[in-house]
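**Q** A predicted structure for the sequence below; I have some questions about it.
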Amino acid sequence: MKRNYLIFIIFLLLFFLIGCRQVRQSQELHISAAASLTKVMEEMAQAFNRRKPEVQIYLNFAGSQILRRQIEQGIDTDLFFSANEVQMKVLQDNELVSGVKKFALNKMMIVVFKDKSLQVNSISDLGQPGLSLALGTSEVPAGRYARQVIERLPETEQKSILNNITTLEYSVRGVLAKVINGEIDAGFVFATDVKEPQKSELKLVNIPKNLNVTAEYYLGQVAGSKNRSMSEQFIEFVLSSEGQNILEYLMGYINTFGVPALLVSHNNEDGLLTDNIFTIKDFKVVKEHKGGKECAKRGSTRHNHRRYHLA
């Protein structure tokens, strides 16, 4: 009798320990994201944790091509956020990711070290003799996009710029670091890579619209995910209004609807007038305030977007 009782106690303990382990696993979320997404993914994780405080999110940042190889080698991760479609498609073709979706857009920009004597005011100036230029490798999304931009220039300008490439980096953050440290004169980065504190150290040169390219970011659920339910919830959050607003308003990305989000005045549940940021999918009808057309036309002082009222 005592023996049976002891076996029963041991069985209960094992059941409890296995159950706790499964609960712990279900509360963990491992995300591999492109290096250019470092800040935005940190913001996303914090915002998601406000909804799901019990979830422990682990972030792994590197170049998209490096993360792709890690997933091919079986790294323990649930979600992959890539800075281009190329790396994602390789995994998709090998059935290593599923549910692939585009979640953000970006543009390229030229950064120049301020203290250099060389004058760089346009993309054409990158071809001047003696200038050192940094690009990502051809596998790095930022490097691939930069080459696409250069290929849109006249052939002679292409050659002079390509001849000035001094270093090829394995992530866009490597390019930015080389320019900030003054090791290189200029480099191609994503527009969202340059944060406010860095702007004082750099000269920013915009690329004309007819030469620039639209960088597309993709997400996908890794086949070996141990927490599919939480992964799906995180994907839904990124694609939701709140997630898209973090991308656009806080980080400067372009949302996937191709239109700016709107600062909208409306009555909340308590009947009080409040402001919220919405994307176009949040409402179908927009009308002017009864007070007149000026209210609908007036720009927002906080975000420089038009202010509307929900119908």
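**A** Done, it's in. Here the structure is a predicted model, which means the values were calculated and not measured.

**Q** residue ranges for the helices of the protein, please.
**A** When assigned using DSSP state H, the helices of the chain occupy the ranges 2-26, 38-51, 64-72, 85-93, 141-150, 155-163, 172-180, 196-199, 228-239, 241-245, 293-297.

**Q** Any chance of a markdown table for these, columns distance to residue 124 and mean pLDDT?
**A** From N, CA and C alone the C-beta is placed, and that goes for glycine too. Shown next, in a markdown table, are these (distance: least, Cβ to Cβ, whole Å; pLDDT from 0 to 100):
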| stretch | distance to residue 124 | mean pLDDT |
| --- | --- | --- |
| helix 2-26 | 54 | 52 |
| helix 38-51 | 31 | 93 |
| helix 64-72 | 29 | 96 |
| helix 85-93 | 28 | 96 |
| helix 141-150 | 11 | 96 |
| helix 155-163 | 6 | 97 |
| helix 172-180 | 18 | 93 |
| helix 196-199 | 23 | 67 |
| helix 228-239 | 38 | 95 |
| helix 241-245 | 35 | 87 |
| helix 293-297 | 39 | 39 |
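
**Q** quick one: which of these is nearest residue 125?
**A** When those are compared by Cβ to Cβ, helix 155-163 sits nearest residue 125, at 9.4 Å.

**Q** Distance from the chain centre to that closest one, please.
**A** Relative to its parent chain, helix 155-163 has a centroid offset of 30 Å by Cα atoms, centre = their mean, to the nearest Å.

**Q** that older thread, any chance of the helices of the chain in JSON lines with mean neighbour count as columns?
**A** JSON lines is the format used below for these (neighbours: other Cβ atoms under 10 Å):
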{"stretch": "helix 2-26", "mean neighbour count": "10"}
{"stretch": "helix 38-51", "mean neighbour count": "16"}
{"stretch": "helix 64-72", "mean neighbour count": "21"}
{"stretch": "helix 85-93", "mean neighbour count": "18"}
{"stretch": "helix 141-150", "mean neighbour count": "23"}
{"stretch": "helix 155-163", "mean neighbour count": "14"}
{"stretch": "helix 172-180", "mean neighbour count": "23"}
{"stretch": "helix 196-199", "mean neighbour count": "10"}
{"stretch": "helix 228-239", "mean neighbour count": "17"}
{"stretch": "helix 241-245", "mean neighbour count": "20"}
{"stretch": "helix 293-297", "mean neighbour count": "12"}
